[in-house]
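A.B. asks: Provided below for reference: sequence and predicted model.
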Amino acid sequence: MTELDINFVRAQFPAFSQPALQGQAFFENAGGSYTCAQVIDRLHRFYTERKVQPYGFFPASRAGGEEMDEAQSRLAALMNVETDELSFGPSTSQNTYVLAQAFAAMLSPGDAIIVTDQDHEANTGVWRRLADRGIEVREWHVDPELGQLSTAALAQLLDGPVKLVCFPHCSNIVGQENPVAEIVAMAHAAGAVTCVDGVSMAPHGLPDIAALGTDIYLFSSYKTYGPHQGVMIVRRALADRLPNQGHFFNAGARTKRFTPAGPDHAQIAAAAGMADYIDALYSHHYGAHSHNGDSKAHDAAHRGRSVCALQRAYEDKTLAPLLDWLRGRNDLRILGNDHIATATGRVPTVAIHTNRPAAAIATDLAAHGVMAGAGDFYAVRTIGALGCDPEAGVLRLSFVHYTSADEVQQLIKGLDATL
């Protein structure tokens, strides 16, 4: 199998050549990733050459609109959905809020929805508020020891008038990938639709939405090497059922029905740089054609899956030494299942709990050139369900495919000195 060229990857990110960041190992990627050069270049070009109202009648305006359309169509193709099934919003939290308003207008008192306590608050709080409108809210609880969601437990919740199941592709605390396709199939068999929060999963490779089968998928482009936008995918069958949340004259446009806020033209256009980056990785590792010289290289979804596989394989390899070292300690707890050996695995987002305040550890790590996060990370319910104090928080160590093996060793040395 082709291995990820870490030197090529890091060359795509200007942060690694900045003097102020030399010697600093970045382990708070789950809060926001570095931005690739392709996105920065497009953002700069838009602001300097195309900062006018797009979709107009003069060249700069037409170029701006075309670049916005390019971002939408190329990202949709990489994730194997139709162009009009993808839209941009200010953030994932905002996108989820708007969707909840749409469902509130479609659901009836007595209908039921399922939420989890493994989610970031963005994909649980807005849905829970529907209880004020007479909607029954059922909670799918995590295992208090391992933090996992059991499909057997879900089966017990799917009886009766369940209309919607909301859950994360991956927890931003537990770090385990949930079996999305299996969960979606269960929900669909019960007559429900699904909303998947992919914010903590998409940085590790853009998903094949068609393969997952979910009706809604949400993630944040600022965590996937791009600008600060929320990316929302709503499949056509559901989009056409949900009531319009935008201006009345945009009701017939799927990409505008759930984005009542005005679009950030420059950031949407810059998001095309995310597709540039993925295609650059594919071209570097596989050439202009696939290994067999067939037409697969010309299929965007194939390129997306191939790059995702490269990222995941590298991350698995780089994560292993950190997990091994943490398992050898008797003074900390790794939240989640740190011995996953199934096809559904762990991403390199590792939260640990110790007797020391998490913020104090993160502060001490900074002295060792390690940038880590501490707190509840908007996963208050998850941390509480695992028996930790949300106010004290946890230490979170998160990285992605541009993190080097040397940086992981720097983290381990910093932890050893700090703990």
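C.D. replies: That came through fine.
A.B. asks: all strands for the stretch 251-400 of the chain, in order.
C.D. replies: 333-334, 349-353, 370-375, 394-398 (DSSP state E, counting those that start in this stretch).
A.B. asks: Contacts only, for Gly205.
C.D. replies: By Cβ atoms under 8 Å, 6 or more residues apart in numbering, the contact set of Gly205 is 304, 307-309, 311-312. Every residue, glycine included, has its C-beta placed from N, CA and C.
A.B. asks: What is the longest helix of this structure by residue count?
C.D. replies: Ranked by number of residues, the top helix in the chain under DSSP state H is helix 300-327.
A.B. asks: and that helix, what's its mean pLDDT?
C.D. replies: For helix 300-327, mean pLDDT rounds to 96.
A.B. asks: Mind giving me the PyMOL select for the contacts of Gly205, buried ones only?
C.D. replies: Of those, the buried ones can be selected in PyMOL as follows, counting by 16 or more other Cβ atoms under 10 Å:
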select buried, resi 304+307+308+311+312
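A.B. asks: how does the chain divide up, domain by domain?
C.D. replies: With domains defined by automatic domain parsing, the chain comprises 6-34+303-418, 44-273.
A.B. asks: Quick one: closest of the ones you listed to His285.
C.D. replies: domain 6-34+303-418 (6.3 Å; Cβ to Cβ).
A.B. asks: What is the neighbour count of the residue nearest to Val142 when sequence neighbours are not counted?
C.D. replies: What sits nearest to Val142 in space, not counting adjacent residues and going by Cβ to Cβ, 6 or more residues apart in numbering, is Gln118, at 4.8 Å. The number of residues packed near Gln118 is 30, by other Cβ atoms under 10 Å.
A.B. asks: Tell me the spacing between Gln118 and Gln311.
C.D. replies: Using Cβ to Cβ, to the nearest Å, Gln118 is found at 23 Å from Gln311.
A.B. asks: Please apply the same query to Val196.
C.D. replies: To Gln311, Val196 is 19 Å away according to Cβ to Cβ.
A.B. asks: now swap in Gly345 and tell me
C.D. replies: For Gly345, the distance to Gln311 - Cβ to Cβ - is 13 Å.
A.B. asks: and the most centrally placed residue in the chain, what is it in contact with?
C.D. replies: With the centre of the chain defined as its mean C-alpha position, the nearest residue by Cα atoms, centre = their mean is Val199, 2.1 Å away. Going by Cβ under 8 Å, 6+ apart, Val199 touches 92, 120, 122, 168, 172, 218-220, 223.
A.B. asks: what's the answer for Ile40, then?
C.D. replies: 14, 270, 273.
A.B. asks: circling back to that earlier point, buried sites along the longest helix of the chain?
C.D. replies: Buried residues in helix 300-327 (16+ other Cβ under 10 Å): 300-308, 310-315, 318-319, 322-323, 325-326.
A.B. asks: What of stretch 237-246?
C.D. replies: Result for stretch 237-246 [16+ other Cβ under 10 Å]: buried residues 238-239, 242, 244-246.
A.B. asks: Ends of that stretch, what's the gap?
C.D. replies: Stretch 237-246 has its terminal residues 18 Å apart, counting by Cα to Cα, to the nearest Å.
A.B. asks: ok, back up a step: let me have the contacts of Val199 in CSV, adding neighbour count as columns.
C.D. replies: Formatted as CSV, the contacts of Val199 follow (neighbours: other Cβ atoms under 10 Å):
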residue, neighbour count
Thr92, 24
His120, 23
Ala122, 22
Pro168, 30
Asn172, 25
Leu218, 27
Phe219, 26
Ser220, 25
Lys223, 23
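A.B. asks: rewinding a little: can I get the strands of the stretch 251-400 of the chain in a markdown table with mean pLDDT and mean neighbour count?
C.D. replies: Output for the strands of the stretch 251-400 of the chain, formatted as a markdown table (pLDDT from 0 to 100; neighbours: other Cβ atoms under 10 Å):
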| stretch | mean pLDDT | mean neighbour count |
| --- | --- | --- |
| strand 333-334 | 95 | 18 |
| strand 349-353 | 97 | 25 |
| strand 370-375 | 97 | 21 |
| strand 394-398 | 98 | 26 |
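A.B. asks: Need these in CSV (columns: distance to Asp208).
C.D. replies: Shown next, in CSV, are these (distance: least, Cβ to Cβ, whole Å):
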stretch, distance to Asp208
strand 333-334, 29
strand 349-353, 21
strand 370-375, 29
strand 394-398, 23
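A.B. asks: Of all those strands, which one comes closest to Leu212?
C.D. replies: strand 349-353 (19.4 Å).
A.B. asks: tell me the angle of that closest one relative to helix 300-327?
C.D. replies: Using axes from the mean of the first three to the mean of the last three Cα atoms, to 10 degrees, the inter-axis angle of strand 349-353 relative to helix 300-327 is 20 degrees.
A.B. asks: So what are the sheet partners of strand 349-353 and their directions?
C.D. replies: strand 333-334 (antiparallel), strand 394-398 (antiparallel) (DSSP bridges).
A.B. asks: where in this structure is pLDDT low?
C.D. replies: Residue ranges of the chain with pLDDT under 70: 1, 288-297, 338-344.
A.B. asks: Now for Leu86, how many residues are close by?
C.D. replies: Leu86: 23 neighbours (other Cβ under 10 Å).
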